[in-house]
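Novice: Build me a model from this:
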Amino acid sequence: QVQLVESGGGLVQAGGSLRLSCAASGRTFSSYAMGWFRQTPGKEREFVAAITWNGGRTYYADPVKGRFTVSRDNFKNTVYLQMNSLKPEDTAVYYCAADLRRPWGTGTTTNEYDYWGQGTQVTVSS
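Specialist: All right, here's what the predicted structure looks like:
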C-alpha cells in the first residue's frame, strides 16, 4: 500500500511559478516510479511528467516541456513538480501517482499507475 498526498497548488498569474509536492508513505519510496497527471472538468486525466525510481530518467508531455521539471528526494519520500511560465491552459487539478510495477518506467497512461493522490488545484489567471 502507498499513500500519496499532494500540496502546493493555488492561484497564480500567467507567467508565474508554483512548485507542487507529493509526499509518499507506505512502501519504500525508492522502489517505484512516480508520475504527475492533470485533469479539467469533463476531460480525461492527462499525463504531465514522470520520473524513474532514482530520478535518473524523466519524461514530459509536449505542452509542458521546457517549463515544468519533475524531481524527487528519496530521503524525504517526496516528488516535486516545478512549474514555471504558467499559462491559463495549465489550470487543472494535479495528481501524483505511483507505478509499483515498473521502477524504471516513465509511464504516460493512467492504467500504468497503481496509487493516486487526492489532487491539488492549480489555477492560472490571465
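
Novice: quick one: the residue most central in space within the chain from residue 99, how far?
Specialist: When the chain is reduced to its mean C-alpha position, the nearest residue by C-alpha atoms, centre = their mean turns out to be residue 36, at 2.3 Å. With distances taken as C-beta to C-beta, to the nearest Å, residue 36 is found 12 Å from residue 99. Glycine gets a C-beta too; all of them are placed from N, C-alpha and C.

Novice: what's the overlap in contacts for those two?
Specialist: Taking C-beta atoms under 8 Å, 6 or more residues apart in numbering as the contact definition, residue 36 and residue 99 share the neighbouring residues residue 50.

Novice: Using the three-state scheme, assign the closest residue in space to residue 54 that isn't next to it in sequence.
Specialist: If you skip the residues right next to it in sequence, residue 54 has residue 30 as its closest partner in space, 6.9 Å away by C-beta to C-beta, 6 or more residues apart in numbering. At residue 30 the chain is in helix, as set by DSSP: H, G, I helix; E, B strand; the rest coil.

Novice: State the distance from residue 30 to residue 101.
Specialist: Spatial separation of residue 30 from residue 101 under the definition C-beta to C-beta is 15 Å.

Novice: Please apply the same query to residue 83.
Specialist: Remark: distance between residue 83 and residue 101 (C-beta to C-beta) = 27 Å.

Novice: more neighbours, these two?
Specialist: The neighbour count for residue 83 versus residue 101, taken as other C-beta atoms under 10 Å, is higher for residue 83 (26 against 12).

Novice: contacting residues around residue 49?
Specialist: 35, 36, 58, 59, 60, 61, 64, 68, 69, 70, 81.

Novice: Restricted to buried residues, select the residues you listed in ChimeraX.
Specialist: The ChimeraX selection below is limited to those of the contacts of residue 49 classed as buried (16 or more other C-beta atoms under 10 Å):
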select :35,36,59,60,61,64,68,69,70,81
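
Novice: Wait, the residue nearest to the centre of the chain touches residue 83, no?
Specialist: No: applying C-beta atoms under 8 Å as the test, residue 36 and residue 83 come out as separate, 9.6 Å apart.

Novice: and for the two, which residues touch both?
Specialist: residue 20.

Novice: That's all I had, so thanks and see you.
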